[in-house]
Structure formats: structure tokens, C-alpha cells
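Enquirer: Test case, fold it:
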Amino acid sequence: MVTLAREFFVIGALILYITNIIFAIFVVFFEKKNPGVTWAWLMVLVLVPYFGFLFYMVLGFEGRKHKVFGMKLTEDIKLFDEFVKKYPRYAQDEKSMDEIDGIIPIENTAYLNNFVEMNKNSGRNPYRQNNSVKVFHEGNTKFESLLEDIRNAKIFVHMEYYLMHDDALGKRIMEALAEKARQGVEVKVLYDGMGNARNKPSFKKILLNAGGEVRIFLPPRGIRVNYRDHRKIAVIDGRIGYVGGLNIGDEYIGQKKRFGFWRDSHIRVIGDAVKDLELRFMMDWNFTKGENIGLEEKYFPPAEKQARNVNMQIISSGPDTQWNSILNGYFKMVTEANRNIYIATPYFVPDDSLLVALRTAALSGIDVRIIIPGKPDHPFVHSSSLSYMGELIEAGVKCYEYRKGFIHAKVMTIDGIITSVGTANMDIRSFSLNFEVNAFIYDKEVTSEFEKQFLIDFEDCDEIQPEEYRNRGNFEKVKEAFARLISPLL
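Expert: Numbers count the residues shown, from 1 in each chain. Below is the predicted model of the structure:
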């Protein structure tokens, strides 16, 4: 009996081993991943020979991704072309940059022309001039503003969030949406399937029972975790839009002891750029099962002339876009900077191009500063971030760990001229796997407001000193080295 059991064990182990080898071959020859990602998965499959393939099925297998998201891209382009045809006054992409009045409102910034052109070409992202922007640096003021705009909605409220937790804040917002639905306002809520898998069915019924609609973006199948809708968008009556880093949940207003104060960045936009946020919502809503939203005029009302002429582009990237547009934007900002580069990100796992660009900028004498959390929510990601920061510190980059609470902002500014704020972290997952959206803002006053907040944040940080980093313990060095090896998978 013992011999028979031993034989079954050996056969089972051999099957698992062969399965691992088959998956290794599949990764190399069929998935056509980035070489860094390929080597990371091969390492997992070799070091965890009997169960590595299970990790791959959860985190790495792409399945029908190219076909499914390719179809979404085709439909998104079709919707955009229909939008341009129906609303030619909102297109602006038929003109050259030189023909658009006021494209360069700031002195000595000729590079803005090709920056805007790159964003336009890489994702059909129109350049918008007629906007005003309000900046939020934490959640309480942002959500009070959002709730007030929801209460004042007359026609529709469309919301798309990665996380919309079934907690006190989530229920408060859902109740406000339900009240508007009962008044006859169109209310549609879209949230990510994996991120909200723990929500009780009764949570969305608050809105459904009032006549609103709730849809799930990519409902989880089994335990697959990739390709999450990380976008955070709210559009009210086609006149007001929100985008930034804040999800909906109690932790985002500092109500979770684990994190304490939650530092984040979000913006409220009034003007023509709201149309691009609404169009992005439509593209993602129409990807889910159910009746599509059409390009009705109620969704795209003419914007009133704004006193502040804030110039901006709404940039999306993800598996449903042809190019890694946000990564391209980050890279362009770093390589074009002449004076300073300020970055805040909860996860810092850059690809090689961005790492080289940041290192080169620092070696060129540019003031490069990066803030990451001092209280990480993902230890492996934090160790990986520190491994990259060590290399940058040697090149002259000033790296900081935020100590006041948890910093979740995804912001980059350069030269007091350009700001990027949105949902994309500075990591490979945001660049390649998640659905993201950022606002690239070309405006001195808005950028100055973000820079002032950076200066406040630096005071709430501990700078990682070169000597301190070199003298860290061997355990930390080993942990960082391992985390960096698997960083393409984090």
C-alpha cells in the first residue's frame, strides 16, 4: 500500500513538473511578452517547479486578451470617429498644432508643440483649451465637492471607479446617486469586477432599486487578477468632470487606522475636456454587456467660456489602446525637462526606458525628486521600488519616503509648466496591464499649485540618504534583489 502511494506521488510530481516545463515553453514561444517579463516568469517556473504554473495562470496567462481587447480598441476608434463626425467643433485634431490659437501660452516652451502632437497621435487625444481646474490634495474635500455636484445634477451622472467599497463612504455616495435616480436623473455606475468582488449584492441594489444602472467591468473568473479597470472618472451633466487617484472607500478619507492620513490628488474639471472624460466612460460602459450608450447631444453640451483658459489633454492607456500613451507621456516629460522633475507615486517600478531617462536627467543637473510611501501597502512592491531608487540616488536623484500617512497620489510636474495627474502609477502594471486615464495639463498656475503641495510633502518625508542606503542590512538587500527580479510581475 505504501509502495502504491509512493508511486502515485512520484507520478503526480512528474505530471506537475512536465506541466511546468510546458508552461515555460509557452511563455517563451507563444505569449510574446516583454523580455523582462518573460525572464521573470521563467524564474518563477524554475524556482517553483511544481506550482509555478498555478501562479502563471493567476497572474500571467493572457488567454484571449489580444482578441478581446483588440475588438474593444476597434469599437473605441469607431465611437471616436462617430463623435468627431457628429461634433466636428469638438474634434480639433484636423488642425496642425501651429493653427490652434494659443497652443503656446507660456514663454520658452516650444517643445510643448510636439508634446501635444505626440499625445494626439498616440491615442486620438484632442487638445482642449477652454477649461478651469480645481485641485484636491486629499479625499474629504473631493468627496464633499462630488456629492454637491451629484445633488445638483439635472440630466445624468456617470461614474467609473476601480474601487467603490461597500462601506460608509460608498453607501453615502450610492444613496446620493439613488436619490437622483428617483428624481428621474440618468445614473450609471461602472466599477471593476475584481476590485469590488467583496461587495454585497445589496450594495448595488441601493441604486438598482431606485432606477439607476450598475455594471461590472470584467467580472472575475476564477482567481485571475490582471487587466483591471483602474480608471476613476465622474461626469455630471456633461459639464463637470472628475479624474485622479481617489477611489471610493473609507480609507480614502483617512478612516482606516492601518494607513491613517491619506494623501492623494484629484481634479475637478469644467470645460471642453469633460467631453473626453465622458467619451472614455462611454467606451468602457459599452464594452460591458447590455445596451450601449449613444452619442446623444445631452451628453456633450456646449461648454461655457471659462475665465481660466487651462490647456490640457485627457490621455488613456491600457490593453484597449494601441500605444502605451501614459508611459510615453511620462517619458516625454522627463526627457524634455530643463529645471526640475517632481514625482509622487505609491508604486515605483519603472521600465528600463523611464529608469534611464530619470537617471540621465539627474546626471544632467536637473532637480529630480521622487516620493513613495514610507508605510507601504504591498511590501514586495516597496522593496522593488527601493531597489530602483538606490540606483537613482547614486545618480543624484532625491528620493523620499512619506511618513505622515499613506501617499497614493499619481502626479508628475516639470519646470513649473506641465502636470500629469490621474490614475496611472509609475509601474509596469499601470503601463501594460491596467486600464488607466490621466490628465496632462499645460498651465503655470495649476502646476504651481501642485508644486506647492510637493514642497509641503517633502517636509512630511524622510529623504533616503546615499550613505544610509549603502549601509542597509543584508536581509534588506536580498529582499530588494528578489523583489526586483520579479518586479515585472508586480
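
Enquirer: for the protein, what are the low-confidence residue spans?
Expert: For the chain, the stretches with pLDDT under 70 are 1-66, 92-111, 221-225, 481-482, 484-490.

Enquirer: Give the buried residues for the lengthiest strand in it.
Expert: Secondary structure assigned by DSSP state E gives strand 261-271 as the longest strand of the chain. Using 16 or more other Cβ atoms under 10 Å as the test for burial, strand 261-271 gives Trp262, Arg263, Asp264, Ser265, His266, Ile267, Arg268, Val269, Ile270, Gly271. Where C-beta positions appear, they are placed from N, C-alpha and C, glycine not excepted.

Enquirer: Show me what it packs onto, helices and strands only.
Expert: Helices and strands touching strand 261-271, by 3 or more Cβ pairs under 8 Å, 6 or more residues apart in numbering; DSSP states H and E, are strand 131-138, helix 139-151, strand 240-244, strand 405-407, strand 418-422, strand 436-442, helix 444-459.

Enquirer: Name the strands paired with it and say parallel or antiparallel.
Expert: strand 131-138 (antiparallel), strand 240-244 (antiparallel), strand 405-407 (parallel) (DSSP bridges).

Enquirer: Any idea how far the first one is from the middle of the chain?
Expert: Looking back up the chat, that one is strand 131-138. Averaging C-alpha positions (Cα atoms, centre = their mean, to the nearest Å) puts strand 131-138 18 Å from its chain's average.

Enquirer: Using PDB, list the CA coordinates for that strand.
Expert: The C-alpha trace of strand 131-138 is given here as PDB (Å, rounded to 0.1, in the frame of the first residue of the first chain):
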ATOM      1  CA  ASN A 131     -11.200  74.600 -19.100                       C
ATOM      2  CA  SER A 132     -11.000  75.500 -15.500                       C
ATOM      3  CA  VAL A 133      -9.400  73.100 -12.900                       C
ATOM      4  CA  LYS A 134      -9.900  72.700  -9.200                       C
ATOM      5  CA  VAL A 135      -7.200  70.700  -7.400                       C
ATOM      6  CA  PHE A 136      -7.800  68.400  -4.400                       C
ATOM      7  CA  HIS A 137      -4.900  67.000  -2.300                       C
ATOM      8  CA  GLU A 138      -7.000  64.800  -0.100                       C
END
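
Enquirer: What are the contacting residues of that strand?
Expert: With Cβ atoms under 8 Å, 6 or more residues apart in numbering as the test, strand 131-138 has contacts from 142, 145, 244, 246, 253-254, 261-273, 306-312, 409, 441, 443, 446, 449-450, 453.

Enquirer: still on that earlier bit, ok and the next helix or strand after the longest strand of the chain relative to strand 240-244, angle-wise?
Expert: Scanning forward in sequence from strand 261-271 by DSSP states H and E, the next helix or strand is helix 273-287. Angle, helix 273-287 to strand 240-244, by axes from the mean of the first three to the mean of the last three Cα atoms, to 10 degrees: 70 degrees.

Enquirer: can you redo the helices and strands packed on strand 261-271 as JSON lines with distance to Val214 and mean neighbour count?
Expert: JSON lines is the format used below for the helices and strands packed on strand 261-271 (distance: least, Cβ to Cβ, whole Å; neighbours: other Cβ atoms under 10 Å):
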{"stretch": "strand 131-138", "distance to Val214": "25", "mean neighbour count": "20"}
{"stretch": "helix 139-151", "distance to Val214": "15", "mean neighbour count": "18"}
{"stretch": "strand 240-244", "distance to Val214": "18", "mean neighbour count": "25"}
{"stretch": "strand 405-407", "distance to Val214": "28", "mean neighbour count": "23"}
{"stretch": "strand 418-422", "distance to Val214": "24", "mean neighbour count": "27"}
{"stretch": "strand 436-442", "distance to Val214": "20", "mean neighbour count": "26"}
{"stretch": "helix 444-459", "distance to Val214": "33", "mean neighbour count": "16"}
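
Enquirer: out of those, which comes closest to Gly195?
Expert: Gly195 lies closest, by Cβ to Cβ, to one member of the helices and strands packed on strand 261-271: strand 436-442, at 13.6 Å.

Enquirer: and the closest one, what does it pack onto?
Expert: helix 112-123, strand 240-244, strand 261-271, helix 273-287, strand 311-317, helix 325-336, strand 418-422.

Enquirer: Excluding covalently adjacent residues, which one is nearest to Lys289?
Expert: Arg215 (7.6 Å; Cβ to Cβ, 6 or more residues apart in numbering).

Enquirer: ok, now Glu175?
Expert: Per Cβ to Cβ, 6+ apart, closest to Glu175 is Ile206, 6.2 Å.

Enquirer: And the helix or strand where the one you found lies, what's buried?
Expert: Per DSSP H and E: Ile206 is located in helix 201-208. Within helix 201-208, the residues that count as buried by 16+ other Cβ under 10 Å are Phe203, Lys204, Ile206, Leu207.

Enquirer: which SS class is Arg308?
Expert: coil (DSSP: H, G, I helix; E, B strand; the rest coil).

Enquirer: quick one: it and Glu445 touch, right?
Expert: Yes - using Cβ atoms under 8 Å, Arg308 is in contact with Glu445, at 7.3 Å.

Enquirer: Confirm that the residue nearest to Lys289 sits in a strand.
Expert: Yes - secondary structure of Arg215 (three-state DSSP): part of a strand.

Enquirer: Would you mind measuring from it to Tyr191?
Expert: Between Arg215 and Tyr191 the distance is 8 Å, computed by Cβ to Cβ, to the nearest Å.

Enquirer: Next: Ala424.
Expert: From Ala424 to Tyr191 the distance is 18 Å (Cβ to Cβ).

Enquirer: Which helix or which strand is home to Gly390?
Expert: Counting by DSSP H and E, the element that carries Gly390 is helix 379-395.

Enquirer: what distance separates that helix from the centre of its chain?
Expert: Distance, stretch centre to chain centre, for helix 379-395: 20 Å (Cα atoms, centre = their mean).

Enquirer: And for stretch 326-344?
Expert: Centre-to-centre, stretch 326-344 and its host chain are 16 Å apart (Cα atoms, centre = their mean).

Enquirer: List the buried residues in it.
Expert: 326-337, 340-344.

Enquirer: Now the helix holding Gly390 - C-alpha only, PDB.
Expert: The C-alpha coordinates for helix 379-395 follow below in PDB (Å, rounded to 0.1, in the frame of the first residue of the first chain):
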ATOM      1  CA  PRO A 379       5.900  45.000   0.900                       C
ATOM      2  CA  PHE A 380       7.300  43.400  -2.200                       C
ATOM      3  CA  VAL A 381       6.400  46.400  -4.400                       C
ATOM      4  CA  HIS A 382       8.100  48.700  -1.800                       C
ATOM      5  CA  SER A 383      11.200  46.600  -1.800                       C
ATOM      6  CA  SER A 384      11.300  46.600  -5.600                       C
ATOM      7  CA  SER A 385      10.800  50.400  -5.500                       C
ATOM      8  CA  LEU A 386      13.800  50.800  -3.100                       C
ATOM      9  CA  SER A 387      16.000  48.800  -5.400                       C
ATOM     10  CA  TYR A 388      15.300  51.100  -8.300                       C
ATOM     11  CA  MET A 389      15.700  54.200  -6.100                       C
ATOM     12  CA  GLY A 390      19.100  53.000  -4.900                       C
ATOM     13  CA  GLU A 391      20.400  53.200  -8.500                       C
ATOM     14  CA  LEU A 392      18.800  56.700  -9.000                       C
ATOM     15  CA  ILE A 393      20.200  58.000  -5.700                       C
ATOM     16  CA  GLU A 394      23.700  57.300  -6.900                       C
ATOM     17  CA  ALA A 395      22.900  59.400 -10.000                       C
END
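
Enquirer: All set, thanks.
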